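Chemist: what follows is a predicted protein model with its sequence.
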Amino acid sequence: MSKLIYLDNAATTAVHPEVVAEMLPYFTEFYGNPSSIYSFAGKSRQAVDASRKIIAGALGCSEKEIYFTAGGSESDNWAIKSIAESYRSKGNHIITSKIEHHAVLHTCEYLAKNGYEVTYLDVDGDGRVRPEDVEASIRPETILITIMFANNEIGTIEPIREIGRIAKEHNVLFHTDAVQAVGQVPIDVKEYNIDMLSASSHKLKGPKGIGFLYVRNGIKLTSFIHGGGQERKKRAGTENVPGIAGFGKAMEIALETMEVRAEYETELRDHLIERVLAEIPHTKLNGHRTDRLPNNANFSFEFVEGESVLIMLDMQGICGSSGSACTSGSLDPSHVLLAIGLPHEKAHGSLRLTLSDETTREDIDTTVDALKVLIERLRNMSPLYEDFIKNNSK
Amino acid sequence: MSKLIYLDNAATTAVHPEVVAEMLPYFTEFYGNPSSIYSFAGKSRQAVDASRKIIAGALGCSEKEIYFTAGGSESDNWAIKSIAESYRSKGNHIITSKIEHHAVLHTCEYLAKNGYEVTYLDVDGDGRVRPEDVEASIRPETILITIMFANNEIGTIEPIREIGRIAKEHNVLFHTDAVQAVGQVPIDVKEYNIDMLSASSHKLKGPKGIGFLYVRNGIKLTSFIHGGGQERKKRAGTENVPGIAGFGKAMEIALETMEVRAEYETELRDHLIERVLAEIPHTKLNGHRTDRLPNNANFSFEFVEGESVLIMLDMQGICGSSGSACTSGSLDPSHVLLAIGLPHEKAHGSLRLTLSDETTREDIDTTVDALKVLIERLRNMSPLYEDFIKNNSK
Amino acid sequence: MYCCSFSDKVMDHFMSPRNVGVISDADAEGSSGDPECGDALTIYIKVEDYVITDISFLVFGCVAAIASSSMTTELAKGRNLEEALQITNQDIADALDGLPESKMHCSVLGADALENAIKNYYTKNQKK
Ligand SMILES: Cc1ncc(COP(=O)(O)O)c(C=O)c1O
Ligand SMILES: Cc1ncc(COP(=O)(O)O)c(C=O)c1O
Ligand code: FES
Ligand code: FES
């Protein structure tokens, strides 16, 4: 097979070589438990502290506001369940959107079974939550608004600043799942009035299995994993020192390169979008045209089915995704595509391509060339296309 | 400083070089998300499957009974909270012991605040739970017995087989925190009637931040982290592929070397115990003399305080621990030492030394020589020792 | 408590404490702490013309307790009793170039034992 063209960076990224280099000493050389008191363990503790400092710096918060977790899903679960538990006496109402990641949606559904009320906001055709909807859904018993920073499927960036302002005005806590946004777009939690924020290392060239939750000072936080005194007694378990060190390094690199990367990826992404829309008929771009992640393109090809497209691309060494990785393998069309108003059959024919700064223009052109051919092949064997042609030629 | 003598392998271990080698390709080469459908991601999926197979083989269970987590603490929390939630309609009583790890104890305390009743069993002077106590505490509403396989501080191995039998006879579920035992002593979950078992990779030369929970088929398991469909929809979050691959390799090595290692470490440990008891007066071995982990020695030195001993050892490049790593830094004496009947001031003077197969006889002799001198120095400045000498010379 | 959170001075006084031992013909002694809680300190003083001419201690305790006991004796030696009574735990911690937050209470041990020793001296000598 020819060179791999990896266009699924929203599912996960290759770890940056410098990140691996940063992690390595903590496996075999400085392997001490950060909680141990001897000087040897000081190296591990310093690695954890240094990473926390980088991350806090990136978000504009204090180091004491960062809690390491095992990933984005844990952070989402912890944030939402913690607020639900801590603020139960204040109320039982949570506001979220219909296009959240399952880590948020399923947690909300779990709470809904346990005496909480959840409002799932609609989004517009571009996948944006309307701030006025958020405001209109606030009730006296609303304790939490949780709206993602950027959507993992269609890449749309949500109006976080406006939502943060509304949350603050109404004195409701605001959590954002920023798993897709951290490292890709600038985020200042104080400026945006974000009270809690979830992130995951493997989306920004860090290792898998490590994430963090930012929790603004002053928020009542329950512990998600009980046990030892790690993470200021809020999240027990021996620290994943290499993972934490790697995440710190990945964040540092992401920050340093963000501007250049965003410019490069945006240009490439726009080239991809333009070619696909121009050269493959009956195709729609999903998500907002400009307010989207620099590296995300999401298309619906009418008359074809997404899995077939993916597998045909795979045969040519091109990695893409339809819907989010976690749900692929299921036959339900993406809840996100349904929420932006796609009919079922179009939702089934969607393809997400997410770039990195290693992606070349040649990769994109090869991909578009391949897509043109295979979409045509699939359409030529599709009864839906046959019907369409018939009806149109009448 | 001279060569480091690392005698804190119960806190964490150095990762085995072969384990690191096993992990490396999954950072930069086969970095795909195991949930993705293209063939590139197959490598990641295979790594997860292979590790699960090794682990299931090690415990004598099926692969479907192994759920990866972020470590021992998460596994403990999940097991206990899940049973509490799933079997609430059957009852609200949990039996545990006074010497469990905080990941178990604090989880039980959390449940106790939420309508559950918890019996904390006493242990004997060697730190062993009496099976007859377990049996006597079972009530109609008992839903879970959770007793650790081996204690992390004093190394005592619990009568798991007997407890498993009792649990089965009374139709009560049995969870064991085997974080210290897995990879050190043979465990067969079917033979021992273990329904759930927690383990953590970094205690057996695997990486930090990865663990598993074994859950016998047929047990109602709630999901601890809601979200994507990973781990048979029970534990969401992109799999920590390198961590899982490393854990599998570590388990493989641990199994292969277990017998030889246990023999080697037991002999060295006994040499340590004999020399310390013979050459340092007013010293007690904590934990069972023979039914203990091959690599664990735990001493109480009368008239001295543990932190001072540790730091003096540290000055000579020797790493030990007093109490468990997670609680050191606190001034409360270890709950385990109090439970085996040590008075407070003796509990304050305890030292845990835990070996690995890299520990040499010379390391042990250097450590004992250093201990002799520093314990004497500390005693010579201790008012308790002065009192003792005065009273004895009368 | 982590070893690296201690100043060089603390480590120096911990590894080579000054004035350790018993003064068998001490004019007074004073104690503080509780072995149950992991710490106990006794300070012995010799006094001439209300000046502490010799001082020693025995301690059971953590690194900070040992270092601050040692520093207490250094600070008190050669001072007259009234001056010595003024020594606070903050003075002791300062003289050690500071103590970690969670170890500040260990320096109270030194200040208390010294105060008790001096008060015992006064009580004894008033009775005479
Ligand atoms: C007996 C026992 N249980 C649970 C744990 C927690 O494991 P981890 O730190 O991997 O979460 C430990 C180790 O710290 C342990 O020794
Ligand atoms: C928006 C969003 N939230 C949460 C997650 C979950 O992160 P993780 O897989 O690291 O748990 C993901 C990625 O899968 C995501 O894209
Ligand atoms: S035809 Fe295979 S999923 Fe419907
Ligand atoms: S003397 Fe008690 S902790 Fe230092």
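Modeler: Nice, I can see it. Numbers count the residues shown, from 1 in each chain, chains lettered A, B, ... in the order given. Ligands and ions are numbered 1, 2, ... in the order given.
Chemist: every contact and neighbour count from this point should use C-alpha atoms.
Modeler: Will do.
Chemist: got any ranges where the stretch 1-150 of chain A has weak pLDDT?
Modeler: Flagging of the stretch 1-150 of chain A using pLDDT under 70 yields the residue ranges A:1-2.
Chemist: quick one, what contacts the one residue in chain C that gets nearest to chain A?
Modeler: Using Cα to the nearest Cα, the point where chain C gets nearest to chain A is C:Tyr2, with a distance of 4.2 Å. Counting by Cα atoms under 8 Å, 6 or more residues apart in numbering or on different chains, C:Tyr2 makes contact with A:Ser36, A:Ile37, A:Tyr38, A:Ser39, A:Gly42, B:Gly329.
Chemist: filter those down to the ones in helices?
Modeler: A:Gly42 (DSSP state H).
Chemist: stretch C:40-57 vs ligand 4: in contact?
Modeler: No. On the criterion Cα under 6 Å from any ligand atom, stretch C:40-57 is out of touch with ligand 4, staying 7.5 Å away.
Chemist: next, the distance between the ends of that stretch.
Modeler: Terminal residues of stretch C:40-57 are spaced 11 Å apart (Cα to Cα, to the nearest Å).
Chemist: average pLDDT across it?
Modeler: The average pLDDT for stretch C:40-57 rounds to 96.
Chemist: would you map the strands across the stretch 51-200 of chain A?
Modeler: Secondary structure of the stretch 51-200 of chain A, counting by DSSP state E, counting those that start in this stretch: strands at A:66-69, A:93-97, A:117-121, A:142-146, A:173-177, A:196-200.
Chemist: ok, now which ones touch the spatially closest residue to A:Gln230 that is not a sequence neighbour?
Modeler: Distances taken as Cα to Cα, 6 or more residues apart in numbering or on different chains put A:Ala236 closest to A:Gln230, at 5.1 Å, once the chain neighbours are dropped. Applying Cα under 8 Å, 6+ apart to A:Ala236 gives the contacts A:Ile225, A:His226, A:Gly227, A:Gly228, A:Gly229, A:Gln230, B:Ser73, B:Glu74, B:Ala103.
Chemist: find the nearest non-adjacent residue to A:Asn92, please.
Modeler: Nearest-residue entry for A:Asn92: A:Tyr116, 4.9 Å, with adjacent residues in sequence omitted and distances by Cα to Cα, 6+ apart.
Chemist: show me what residue of the stretch 1-150 of chain A gets nearest to ligand 4.
Modeler: A:Ile37 (13.8 Å; Cα to the nearest ligand atom).
Chemist: quick one, phi/psi of that residue?
Modeler: The phi and psi torsions at A:Ile37 (degrees, to the nearest 10) take the values phi -90, psi -20.
Chemist: any figure for the gap between the closest residue in space to it that isn't next to it in sequence and C:Ala40?
Modeler: Nearest non-adjacent residue to A:Ile37, counting by Cα to Cα, 6+ apart: C:Tyr2, 4.2 Å away. Using Cα to Cα, C:Tyr2 is found at 21 Å from C:Ala40.
Chemist: one more: A:Asp76?
Modeler: Applying Cα to Cα to A:Asp76 and C:Ala40 gives a distance of 48 Å.
Chemist: pick out whichever of these two has more residues nearby.
Modeler: Applying other Cα atoms under 10 Å in any protein chain shown to A:Asp76 and C:Ala40 shows that A:Asp76 carries more neighbours, namely 32 against 24.
Chemist: list the contacts of the more buried one.
Modeler: By Cα under 8 Å, 6+ apart, A:Asp76 lies in contact with A:Ala103, A:Val104, A:Asp177, A:Ser198, A:Leu213.
Chemist: tabulate those (TSV), appending distance to chain C and neighbour count.
Modeler: Shown next, in TSV, are the contacts of A:Asp76 (distance: Cα to the nearest Cα, whole Å; neighbours: other Cα atoms under 10 Å in any protein chain shown):
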residue	distance to chain C	neighbour count
A:Ala103	37	23
A:Val104	38	30
A:Asp177	35	28
A:Ser198	30	31
A:Leu213	26	27
